[in-house]
Structures are given as C-alpha cells and as structure tokens.
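Undergrad: Requesting a structural model of the entry that follows:
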Amino acid sequence: MQLAVEIMLWTTLAIVTYCYVVYPPLIWICSRLFGRRTPAPVVSEGELPPVTLLIAAHNEEAWIRARIENALDLDYPREKLEVVVASDGSRDATAKIVKDFLDRGVRLLDYQENRGKSTTLNASVPQARHPIVVFSDANTFFEPSAVRKLARWFADPAIGTVCGRLVLTDPRKGNNVDSLYWKYETFMKKSESRLGALLGANGAIYALRKNNYVPIPADTLVDDFMIPLVARRQDGKSIIYDDEAVAWEECPSEIGDEFRRRSRIGAGGFQAIWRLLPLVSPARGWVSFSYVSHKVLRWICPFFLVTALVANAALLDSLFYLLLMLAQVAFYIISGLGNVVSGRGLAGKLFRLPAMFTSMNIALLVGCWNWLFASQRGVWQRTAR
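TA: All right, here's what the predicted structure looks like:
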C-alpha cells in the first residue's frame, strides 16, 4: 500500500514538473531539430488580399470609439479593408457610437439578444465581404502594420490561420508589462509554430480564411482555441504565429477580473478536451504531442497537485516525506504572500511566480467545477480582459 502511494506521489509531481519545467525546453529543442522556420511571403501592395476586420463587442461603450478609430488608422489599403463591429446584445451606447462611423465605411451588425460570442461569430463571419477575416476584441488596439503582417501569409495556400502577438500594458502608465508567464507562453507558441503544431490563437488578434470557418457550438467558451483547430481538422491548413503582427491590451486592474477570466478559460479547456478528443491521437504527430503536453496535462494539473498533497500526507512517518510535505506547504504559503508582497526586484518575482502558478491552478479547479455543473455558459460576462 505504501509503495502504491509513493508511486502516486512521484507520478503526479513528475507530470506537473514535465508540464511546466520540462516541456518548454523540450519543445524548443524539437522545433530546432525537426521544425523549420517559415519565412513570411513577400507581398506587394497590389497582392494584399481584401480583409474584413471583425470586432466582437458586448457593452463596450468605454472602448469602442477609440477601437474603431484605431482600425481606420491601420496601414492597409482602405479599399481592401472592411471594418465590422458585431454587437452582441449590448445594452449601453455601443451600437449608437458605432453608428457615428457608418459614413466612414464601418458596418454595424446589431444583434439585439445577448447570445454569446460564439453565436455572434457564427452569425457574423458569413456576412464578411472579404475572403480573409481578422478577429479582434473591442478593447484591443493594433499596431498600424498588424493587419498587413497577418494578411501577407495568405499568399501561401497551405496556411489557414495566422495568430499575432498580444502585448499587455499597464492601464495606469501605458508601458509594456508582459509578465514572465506571458513571455513563457509566447516562447512555446513560437516553437510550436515552427513544428506546425500551434494550438489555437489569441482572440485579440488572429486571421482566418473565411471559407475555412466552421461554425462552433453556441456554448463554446474558448472560441479562439476552438475555431482555428476545428478549421485545421477539416482543411489541414497550417496555423502560423507571427510576432511581428502586434496588438496591445491593458491588463485588468482588479485581481478578481483576471481570476474570473482564467476560470472561464479553464472551463473552456475541459470543454475542449472532449470536443477535440481526436487531437490526442498519436497519429496527429506534433499536434498531438503539443496538445497533450501544453494543454490537456496543464488543464488537469490541479488534480495532480491535490493528489500529491494527499499522497504526501499519507507518508509522514518518514522524515524524507515529512520534509517534502513541509516544502509543499511552504510553497503554498509563499504563493499566498505573493498576492500581497509588492516590488519589482528579484524578491518580488520570487513571491509572484508561485502566486501566479497557484492562482492559475485554483482558477482551473473553479473552471472545472463550473463546466461540470453547467454554471459557465457561452453568454458573455464582461471582464476587463
């Protein structure tokens, strides 16, 4: 019995270590050994494809005017750029503000009922007038060249989706505050893209061929993850990451907003496991390897962490396991302190990293609960990000 508990403890700790520590350098090594860097096509102004920029919005009166002005200032041939705002049952002045731009070519799709982002996208993409659809949010702002960078890739018929880079900024100072975790995620995206195994996109900035869009279930919680992967499963076209196509967003000012966002992503992750089950098949090659390592195991890591604590608690008659238990408890105490300790130096980072790790895994547990008991729906509940 003790041996079984020890195996359980070390297996769970090994899986958590693999997900967060081993996988990132491993996928980088694999990308260098077996992947290839796909150079961006050189496209002249006349060869750029017509593009529809689709901005999904729900109660975004605080952002929508500036967002549209940002879209109209993009460095892209105006005759080839359509700007569409899809308002999903907004009850504030969102639609009224969009109407101020109708004489400048902006289109408003004003859906009266709040049905959720997935339903809004399903209804809006077929109404896009151009063959390439760029997806974005109302509180996301593009660098002038962002759409041009995304669109150039579609000169290659083998590419179906292009994901851009999202930069997070401080809402008070406006400077770049990309966290270590965000850089860590970007690092993996680059490696996975090189292997042809990029998983999904970022809803703030990505582009897709309109004729490759497959409607997703109305209750889908992580549309930017599902849409590119469902399209790829159907047409076999690649998903590319371009870090030169840049957008920026403000970080949420409230910790609670970020926690709710992460728990919603967690619920969407558990939902996606079942809907994208074929991706775990080894026959999918690098896609399967990345999906299981980067997503599936990560989503279920909270259960491994809980199991490790319980298993460790059953082995306290050994000095070694007593010390290991104390190490686990100390880690979670430091995580708690990380939510109240300030500072930008090494000490601050040493506290914030465990705090971020623990908070993310608690959010995944909450997300799993919400998914299991159907309290997490596809209808938008707006957060700061």
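Undergrad: list the buried ones in the longest strand anywhere in the chain?
TA: Longest strand in the chain by number of residues (criterion: DSSP state E): strand 238-250. Within strand 238-250, the residues scored as buried using 16 or more other CB atoms under 10 Å are 238-242, 245-250. Yep, even glycine has a C-beta here, placed from its N, CA and C like the rest.
Undergrad: ditto for stretch 225-242
TA: Buried residues in stretch 225-242, counted by 16+ other CB under 10 Å: 225-232, 237-242.
Undergrad: same question, stretch 106-123
TA: Across stretch 106-123, burial judged by 16+ other CB under 10 Å covers 106-109, 111, 114-122.
Undergrad: so can I have a markdown table of the residues you listed showing secondary structure?
TA: Compiled in a markdown table, the buried residues of stretch 106-123 are given as follows (DSSP: H, G, I helix; E, B strand; the rest coil):
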| residue | secondary structure |
| --- | --- |
| 106 | coil |
| 107 | strand |
| 108 | strand |
| 109 | strand |
| 111 | strand |
| 114 | coil |
| 115 | coil |
| 116 | coil |
| 117 | helix |
| 118 | helix |
| 119 | helix |
| 120 | helix |
| 121 | helix |
| 122 | helix |
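Undergrad: Next, format these as a markdown table and append pLDDT.
TA: Listed next are the buried residues of stretch 106-123 as a markdown table, based on pLDDT from 0 to 100:
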| residue | pLDDT |
| --- | --- |
| 106 | 96 |
| 107 | 97 |
| 108 | 97 |
| 109 | 97 |
| 111 | 96 |
| 114 | 92 |
| 115 | 91 |
| 116 | 91 |
| 117 | 93 |
| 118 | 94 |
| 119 | 95 |
| 120 | 96 |
| 121 | 97 |
| 122 | 96 |
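Undergrad: Which single one of these is nearest to residue 288?
TA: For the buried residues of stretch 106-123, the minimum distance to residue 288 (CB to CB) is 25.0 Å, reached by residue 118.
Undergrad: picking up where we left off before, and of the buried residues of stretch 106-123, the nearest to residue 132?
TA: Nearest to residue 132 out of the buried residues of stretch 106-123 is residue 121 (CB to CB; 15.0 Å).
Undergrad: For the closest one, which residues are in contact?
TA: Residues in contact with residue 121 (CB atoms under 8 Å, 6 or more residues apart in numbering) are 54, 56, 86, 135, 216, 223, 227.
Undergrad: and the closest residue to the first one other than its chain neighbours, what element?
TA: Meaning residue 54. Excluding the flanking residues, the one nearest residue 54 by CB to CB, 6 or more residues apart in numbering is residue 84, at 5.1 Å. Using DSSP states H and E, the element containing residue 84 is strand 81-88.
Undergrad: Name the residues of that strand that are buried.
TA: Neighbour-count burial for strand 81-88 flags 81-88 (criterion: 16+ other CB under 10 Å).
Undergrad: Buried residues, the following helix or strand past that strand. List them.
TA: For strand 81-88, the following helix or strand on the C-terminal side (DSSP H and E) is helix 94-99. Residues 94-95, 97-98 are the ones in helix 94-99 that count as buried (16+ other CB under 10 Å).
Undergrad: what pLDDT, on average, does helix 94-99 get?
TA: What helix 94-99 shows for mean pLDDT is 96.
Undergrad: Give me the residues contacting it.
TA: Residues outside helix 94-99 that contact it (CB under 8 Å, 6+ apart) are 57-61, 64-65, 68, 85, 87, 106, 108, 110, 138.
Undergrad: Contacts for stretch 71-81, please.
TA: Residues outside stretch 71-81 that contact it (CB under 8 Å, 6+ apart) are 45, 48-51, 53, 55, 83, 101, 104-106, 130, 142, 144-148, 151.
Undergrad: got it, and stretch 35-46?
TA: Applying CB under 8 Å, 6+ apart, the contact partners of stretch 35-46 are 77, 149, 151-153, 155-156, 191, 194-196, 240, 242, 244.
Undergrad: Redo those as CSV? Include secondary structure.
TA: Shown next, in CSV, are these (three-state DSSP):
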residue, secondary structure
77, coil
149, helix
151, helix
152, helix
153, helix
155, helix
156, coil
191, helix
194, helix
195, coil
196, coil
240, strand
242, strand
244, strand
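Undergrad: Among the residues you listed, which one lies nearest to residue 263?
TA: Taking CB to CB as the measure, residue 263 lies nearest residue 191 of the contacts of stretch 35-46, at 27.2 Å.
Undergrad: Burial check on the closest residue to that closest one other than its chain neighbours, number of neighbours?
TA: Leaving aside its chain neighbours, residue 191 sits nearest to residue 31 (4.0 Å; criterion: CB to CB, 6+ apart). Neighbourhood size, residue 31 [other CB atoms under 10 Å]: 21.
Undergrad: sec struct for residue 31, please.
TA: Under three-state DSSP, residue 31 falls in the helix class.
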